[in-house]
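Undergrad: take this sequence and fold it.
(chains A and B)
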There are 2 protein chains.
Amino acid sequence: MQPTPRPAERIRIVLVGTQHPGNIGAAARAMKTMGLSRLALVAPQRFPHADAEAMAAGAGDVLEGAERHDDLAAAVADCRLVLGCTARDRRIALEQLAPREAAARAVEAAAEPVEVALVFGRERTGLENAELQLCHAAVHIPTDPGYSSLNLAAAVQVLAYELRLAMLAEAGAAAAGTARGEPPASHAEMEGFFAQLADTLDAIDFHKGRTPEAAMHKLRRLFLRSRLDAREVRLLRGVLADAQRMARLAGDRE
Amino acid sequence: MQPTPRPAERIRIVLVGTQHPGNIGAAARAMKTMGLSRLALVAPQRFPHADAEAMAAGAGDVLEGAERHDDLAAAVADCRLVLGCTARDRRIALEQLAPREAAARAVEAAAEPVEVALVFGRERTGLENAELQLCHAAVHIPTDPGYSSLNLAAAVQVLAYELRLAMLAEAGAAAAGTARGEPPASHAEMEGFFAQLADTLDAIDFHKGRTPEAAMHKLRRLFLRSRLDAREVRLLRGVLADAQRMARLAGDRE
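TA: Numbering: from 1, shown residues only, chains lettered A, B, ... in the order given. Here you go, the predicted model:
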């Protein structure tokens, strides 16, 4: 049996038009500390370069293994999920994700498995509009509005850190699932659970006139993150069934 | 626009024995992007220095405002919470915190308010044992065991990022949906939730004569794995409260 590729092997960091080679090296070091090794460079201004080597410290292997491309389209051609790092207030129509959400989505996609790219633009000017149009969502690191000048490698460090946390959570959940010997719940099982949860919230009058979407959105996110197995879904649905039964009994009384 | 979170005024970043002045500048920049401005330097090897200015970019004001001390004890003399960044496997008796836990605790303490310090050691050798003894807990950034060589300013960036998320959550900005980063639920909050969950299972007659331990054990494991934040605990407890209310109404009928 072939070993299953780790999510890290399906997630690449793409640096577009980097001006300072030192930043490429520092980004490689940031990646490697967090267990990432796939670096793609799109039209770097100066590379290879002694500054890149120096800043990479012990991550020279990441630099040596870096792919080179002439444009972003070529660098992400095989990717089914492309996330572009941007400043907050760009007038773009893309969904904006916090780093933690972006990392969760990237690791989830890598486990499917599909190829995933996190894209970082030029030091001063970021990604061009044509490049952003290749992205499925934008990632915004919540900097101080008064000084949002995050260094390129520092931005890579923050995203790589969140990716590592998400990968560790995924590995922990997978290991727990293996230990339990239960397969993870299927998409259909999860949707069946969410439908019953929504019905139950209605039945016990949880919303009290508020729109149900906000609470259900939070609960979906919570339970999806938990990676329930099929037996846990049955357990939770058993609890919901009894809550629904109580609501019916209470309703009969009125 | 988000207002500057005020806990930042009570949280200082302390760099001990920094060898490379460029790292001091890069740390100042990392801090300022996340709304932190209080920098204390303990016996830096070379400072002030042109490399520090260059790497600080627009954060020269953080460098100019930096306090200077001869030893760590003097730098944290007025602090009621001192957290020291360390590698994982030091033989220290200190409680070890993940960056997210450390940030939550720091922001909570700053809001009390007390003075808080996050301490970063020398590039190669970290903090000495006598310095760690001044710390109330250790913070470990979960690097890859195969390559844990995090740059000093990158470590400051990760902690400053987690501090900003915690400050935004504290300031209520997260409620507007602009950022995530609720602190994880405390041990007491989780136990309060589990107690209410056990009561609810009794109230809706989930067990039906079976012993309650098996189901509660599975539910505890599921929810502990989910790493609920404090707001999610409140949401789930709200659902339980309504299920309990329905059970009471149903009981009144009998």
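Undergrad: surely A:Ala106 and A:Arg164 touch.
TA: No. A:Ala106 sits out of contact with A:Arg164 when judged by CB atoms under 8 Å, with a separation of 11.3 Å. Any C-beta I mention is one placed from the backbone N, CA and C, and that applies to glycine too.
Undergrad: the nearest residue to A:Ala111 once chain neighbours are set aside and chain B, how far apart?
TA: Leaving out its chain neighbours, the residue that sits closest to A:Ala111 by CB to CB, 6 or more residues apart in numbering or on different chains is A:Pro7, at 5.5 Å. With the distance defined as CB to the nearest CB, to the nearest Å, A:Pro7 ends up 13 Å from chain B.
Undergrad: wait, A:Pro7 touches A:Glu115, no?
TA: No. Under the criterion of CB under 8 Å, A:Pro7 is not in contact with A:Glu115, lying 11.1 Å apart.
Undergrad: comparing those two, which residue is more hemmed in?
TA: Neighbours around A:Pro7 and A:Glu115, counted as other CB atoms under 10 Å in any protein chain shown, are more numerous at A:Pro7. The numbers are 24 against 19.
Undergrad: what is in contact with A:Pro7 and A:Glu115 at once?
TA: Counting by CB atoms under 8 Å, 6 or more residues apart in numbering or on different chains, A:Pro7 and A:Glu115 have no common neighbour.
Undergrad: ok, now how distant is the residue nearest to A:Ala111 from A:Gln96?
TA: Distance, A:Pro7 to A:Gln96, by CB to CB, to the nearest Å: 23 Å.
Undergrad: one more: A:Gly172?
TA: Taken as CB to CB, the spacing of A:Gly172 relative to A:Gln96 amounts to 28 Å.
Undergrad: likewise A:Ala171?
TA: The value you get for A:Ala171 to A:Gln96, if CB to CB is used, is 28 Å.
Undergrad: phi and psi next, for the closest residue to chain B within the stretch 51-200 of chain A.
TA: Closest residue of the stretch 51-200 of chain A to chain B, CB to the nearest CB: A:Asp144 (3.9 Å). Backbone geometry at A:Asp144, expressed as degrees, to the nearest 10, gives phi -70, psi 130.
Undergrad: identify the residue nearest it in space, chain neighbours excluded?
TA: In this structure, A:Asp144 finds its nearest non-sequential neighbour in B:Gly35, 3.9 Å apart by CB to CB, 6+ apart.
Undergrad: is it true that the one you found touches B:Met167?
TA: Yes. In terms of CB under 8 Å, B:Gly35 counts as a neighbour of B:Met167; the distance is 6.8 Å.
Undergrad: follow-up on the earlier one: quick one: which of A:Ala106 and A:Arg164 has more around it?
TA: Per other CB under 10 Å, whichever of A:Ala106 and A:Arg164 has more neighbours is A:Ala106, with 26 against 22.
Undergrad: who touches the closest residue to that one other than its chain neighbours in this structure?
TA: The shortest distance from A:Ala106 to any residue other than its chain neighbours is 4.8 Å, reached at A:Val116 (CB to CB, 6+ apart). Residues counted as contacts of A:Val116 (CB under 8 Å, 6+ apart) are A:10-12, A:79-83, A:106, A:109-110.
Undergrad: beta partners of A:Val116?
TA: According to DSSP bridges, A:Ile11, A:Leu81 are recorded as the beta-bridge partners of A:Val116.
Undergrad: sorry, back to before: residues near the residue of the stretch 51-200 of chain A closest to chain B, how many?
TA: Around A:Asp144 there are 22 other residues, counting by other CB under 10 Å.
Undergrad: tell me the secondary structure at A:Leu118.
TA: Using DSSP: H, G, I helix; E, B strand; the rest coil, the structure places A:Leu118 in strand.
Undergrad: where's the nearest residue to A:Ala198 once chain neighbours are set aside, which helix or strand?
TA: Counting by CB to CB, 6+ apart, A:Ala198 lies nearest to A:Met216, which is 5.8 Å off, once chain neighbours are set aside. Here A:Met216 is covered by helix A:213-226, with elements defined by DSSP states H and E.
Undergrad: would you mark the buried spots in that helix?
TA: When burial is assessed from 16 or more other CB atoms under 10 Å in any protein chain shown, helix A:213-226 yields the following buried residues: A:215-216, A:219-220, A:222-223, A:225-226.
Undergrad: roughly how far is it from the heart of the chain?
TA: The chain centre lies 16 Å from the centre of helix A:213-226; the measure is CA atoms, centre = their mean, to the nearest Å.
Undergrad: helix or strand next in line after it, which one?
TA: Downstream of helix A:213-226 (by DSSP H and E), the next one is helix A:230-253.
Undergrad: what about that next one, distance to the chain center?
TA: For helix A:230-253, the gap between its own C-alpha mean and the chain's C-alpha mean amounts to 33 Å (CA atoms, centre = their mean).
Undergrad: anything in the worst-scoring helix or strand of chain A on mean pLDDT near chain B?
TA: Confidence across the helices and strands of chain A bottoms out at helix A:152-180, with a mean of 84, counting by mean pLDDT, DSSP states H and E. Yes. With CB under 8 Å from any CB of the partner chain as the measure, helix A:152-180 is seen reaching chain B through A:153-154, A:157-158, A:161, A:164-165, A:168-169, A:172-173, A:176.
Undergrad: need these in TSV (columns: distance to B:Leu235).
TA: As requested, those are exported to TSV (distance: CB to CB, whole Å):
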residue	distance to B:Leu235
A:Ala153	38
A:Ala154	34
A:Gln157	32
A:Val158	28
A:Tyr161	27
A:Arg164	28
A:Leu165	22
A:Leu168	25
A:Ala169	20
A:Gly172	23
A:Ala173	21
A:Ala176	23
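Undergrad: mind checking which of those are buried?
TA: Neighbour counting with 16+ other CB under 10 Å marks A:153-154, A:157-158, A:161, A:164-165, A:169, A:173 as buried within those.
Undergrad: which of the residues you listed sits closest to B:Ala74?
TA: Distance from B:Ala74 was checked for each of these by CB to CB. The minimum falls on A:Ala154, at 29.3 Å.
Undergrad: any idea how far whichever helix or strand A:Leu197 is part of is from the chain center?
TA: Applying DSSP H and E as the criterion places A:Leu197 in helix A:187-203. Relative to the chain's own centre, helix A:187-203 is displaced by 25 Å; criterion: CA atoms, centre = their mean.
Undergrad: what residues does it touch?
TA: Contacts with helix A:187-203, where a contact means CB under 8 Å, 6+ apart, come from A:185, A:207, A:212, A:215-216, A:219-220, A:223-224, A:228, A:230, A:233, A:236-237, A:240-241, A:243-244, A:247-248, B:239, B:246.
Undergrad: buried subset of those as a ChimeraX selection?
TA: One line in ChimeraX is enough to select the buried ones among the contacts of helix A:187-203; burial here means 16+ other CB under 10 Å:
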select /A:185,215,216,219,220,223,228,233,236,237,240,243,244,247 /B:239,246
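Undergrad: Serialize the contacts of A:Val116 to TSV and add fields for distance to A:Asp70 and pLDDT.
TA: Output for the contacts of A:Val116, formatted as TSV (distance: CB to CB, whole Å; pLDDT from 0 to 100):
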residue	distance to A:Asp70	pLDDT
A:Arg10	23	96
A:Ile11	22	98
A:Arg12	16	98
A:Cys79	17	94
A:Arg80	22	92
A:Leu81	22	94
A:Val82	17	96
A:Leu83	21	97
A:Ala106	25	95
A:Ala109	25	92
A:Ala110	25	94
